[in-house]
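Asker: Give me a 3D structure for the following:
(one chain, ligands or ions: 1)
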Amino acid sequence: MSFDLASKDFYLMLLDNALSKASKQISSVGDRVLEVRPHLVIDAKNTVLTNLGQLAKTLNREPAHLARFLLKETGRAGSISEDKLLIQGKMTHDEAGKLIDLYVKEFVKCPVCNGIDTRIVSEKRFRFLVCDACGAKNPVRRI
Ligand SMILES: [Zn+2]
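Answerer: Numbering: from 1, shown residues only. Next up, the predicted model:
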């Protein structure tokens, strides 16, 4: 079996097309890799999460929401300064990484389709995680 040049090009074009469609489907079901590694500067008494703003942007959440979660879960005090989070006490990379995983699991990932195209919607006293991919709506904690 042999292709002449023209039909081979056509075949490659079809293949290309199929591949780009396949990769789009993968991202829409939420297999996108999230780059959510915390960058910490730790000194004797305090920890600074230097990429709070970037993490919040990647997760499509308010920096203040992610900051409240990190502080509340660990019972630490802290404050936001520009796009950094100043934390009183030491927080290790391991601890911060685990906390961010928990945050993603509770406040970002759709429990139905695992998609990450979600938003938090307020209705009266309640908060819901609404998924733009599959339409699921699930209650989440208010923090
Ligand atoms: Zn979903």
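Asker: all helices for the protein, in order.
Answerer: Residue ranges of the helices in the chain, as given by DSSP state H, are 5-28, 52-59, 63-74, 93-107.
Asker: shaky segments in the chain?
Answerer: Low-confidence regions of the chain, defined by pLDDT under 70, span residues 1-8, 10-33.
Asker: which bits of it sit near the ion?
Answerer: If contacts are counted using C-beta under 5 Å from the ion, the residues of the chain sitting beside the ion are 110, 112-113, 115, 131, 133-134, 136. Yep, even glycine has a C-beta here, placed from its N, CA and C like the rest.
Asker: Can you list the buried residues in stretch 73-81?
Answerer: Within stretch 73-81, the residues that qualify as buried are 78, 80, counting by 16 or more other C-beta atoms under 10 Å.
Asker: List the contacts of that stretch.
Answerer: Residues from elsewhere that reach stretch 73-81, judged by C-beta atoms under 8 Å, 6 or more residues apart in numbering: 52, 63-64, 67, 70-71, 85-89, 91, 95, 99, 102.
Asker: Give me the distance from that stretch to the chain's centre.
Answerer: 20 Å (C-alpha atoms, centre = their mean, to the nearest Å).
Asker: go on, stretch 74-88?
Answerer: Stretch 74-88 has its average C-alpha position 19 Å from the chain's average C-alpha position, going by C-alpha atoms, centre = their mean.
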